[in-house]
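Novice: Starting from these lines, generate the structure:
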Amino acid sequence: MVRVRLEGIRLRREGFELFIPELEVKEGELFTLLGPSGCGKTTTLRIIAGLEEAEGRVLFGERDVTRVPPHERNVGIVFQDYALFPHMTVFENVAFGLRMRRISRQEIEDRVREVLELVGLRGFEDRYPEQLSGGQQQRVAIARALVIEPEVLLLDEPLSNLDAKIRERLRSEIRRIVREVGITTVYVTHDQEEAMAISDRMAVMKDGRILEIGKPLELYYRPKTEFVASFLGISNIIELRAEGGTACLGELCFDVGLEGKVRVFFRPENIIIGEGAEAEVLSYELLPGRIRLRLSIEGVELIAEELLSRLPFSPEEVPKKVRIKVKAFSLL
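Specialist: Modelled structure (predicted):
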């Protein structure tokens, strides 16, 4: 296992600039680059792989690989489109990188069968890509990346072409595989739920910059910027004026410990329904196992979510007004 470190990375293109003063991915960590399309996350991954040239330095451990060509960096890459060879069997696809390295035939057989076992594809050796489902093809791509025993594994939107149920199942498999192998992994996605589910830490990017880095729950519940708060899910952000360390929206008060203008942030699930300040119910949605309420206090709209099993009223008879309080919040 090695750590990956970027120092002073800058890449300019027409109308776009990527700038990462410093970024470190720890040994054995599953680190995600998350952000909207065009924010620079795939470009960052390609710089790590050596597929893009940029100012600055890329280090694997203490080794400076900035000028090292891609095939000498010992990285495994899984692309969005799988990039399997259609005329080769599963075994041949996975073995391709080993044959390029002139590994002995017996070692190739041993390593291919071992990695196919790891990704749950033993018995599929003689099938061709067209005979596999999308999820199975992606497992082959992962096996091909792992079989060369890379120092770093890079995954670029690996699940984006799959349907929702397969994505959910396969992201758990990817996390299991990475944990089992113990390899330093950089994962790129625009899917917030996917990033939350799979990451040890993640970086949220926008317009070629990293805005925040942290563990998933830290960024979700205690973001430092409005963009991260909004991008990672539904957010309630309200501007209030604090006096005596308390900021209030009608009867809904927050102990902020500050004076003057404050921006209070909290998630819909941090609203407790059934006690506290009175709020008008503007509309609601019934979702699997939960309800989402659009509320108003003194003209300020809030979104609340609660499990159906914990509602103080029947979801079939939602009242026009409810009482709410916020159990946890942070300041932006």
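
Novice: all helices for the chain, in order.
Specialist: 41-49, 90-100, 105-118, 134-146, 164-181, 192-198, 216-221, 226-231 (DSSP state H).

Novice: what's next to the fourth one, contact-wise?
Specialist: The reference is to helix 134-146. 76-79, 82-84, 90, 93-94, 96-97, 112, 115-116, 118-121, 124, 129, 132, 153, 155, 158-159, 161-163, 166, 169-170, 173-174, 177, 181, 183 (Cβ atoms under 8 Å, 6 or more residues apart in numbering). Using the backbone N, CA and C atoms, a C-beta is placed for each residue, glycine as well.

Novice: will you turn the helices of the chain into JSON lines that also has mean pLDDT, distance to Lys26 and mean neighbour count?
Specialist: Output for those, formatted as JSON lines (pLDDT from 0 to 100; distance: least, Cβ to Cβ, whole Å; neighbours: other Cβ atoms under 10 Å):
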{"stretch": "helix 41-49", "mean pLDDT": "97", "distance to Lys26": "14", "mean neighbour count": "22"}
{"stretch": "helix 90-100", "mean pLDDT": "92", "distance to Lys26": "26", "mean neighbour count": "20"}
{"stretch": "helix 105-118", "mean pLDDT": "92", "distance to Lys26": "23", "mean neighbour count": "16"}
{"stretch": "helix 134-146", "mean pLDDT": "90", "distance to Lys26": "19", "mean neighbour count": "23"}
{"stretch": "helix 164-181", "mean pLDDT": "87", "distance to Lys26": "13", "mean neighbour count": "16"}
{"stretch": "helix 192-198", "mean pLDDT": "94", "distance to Lys26": "16", "mean neighbour count": "19"}
{"stretch": "helix 216-221", "mean pLDDT": "96", "distance to Lys26": "15", "mean neighbour count": "18"}
{"stretch": "helix 226-231", "mean pLDDT": "96", "distance to Lys26": "21", "mean neighbour count": "18"}
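
Novice: Save these as JSON lines, and put in distance to Pro70 too.
Specialist: Putting these into JSON lines (distance: least, Cβ to Cβ, whole Å) gives the following:
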{"stretch": "helix 41-49", "distance to Pro70": "6"}
{"stretch": "helix 90-100", "distance to Pro70": "12"}
{"stretch": "helix 105-118", "distance to Pro70": "21"}
{"stretch": "helix 134-146", "distance to Pro70": "13"}
{"stretch": "helix 164-181", "distance to Pro70": "21"}
{"stretch": "helix 192-198", "distance to Pro70": "25"}
{"stretch": "helix 216-221", "distance to Pro70": "30"}
{"stretch": "helix 226-231", "distance to Pro70": "31"}
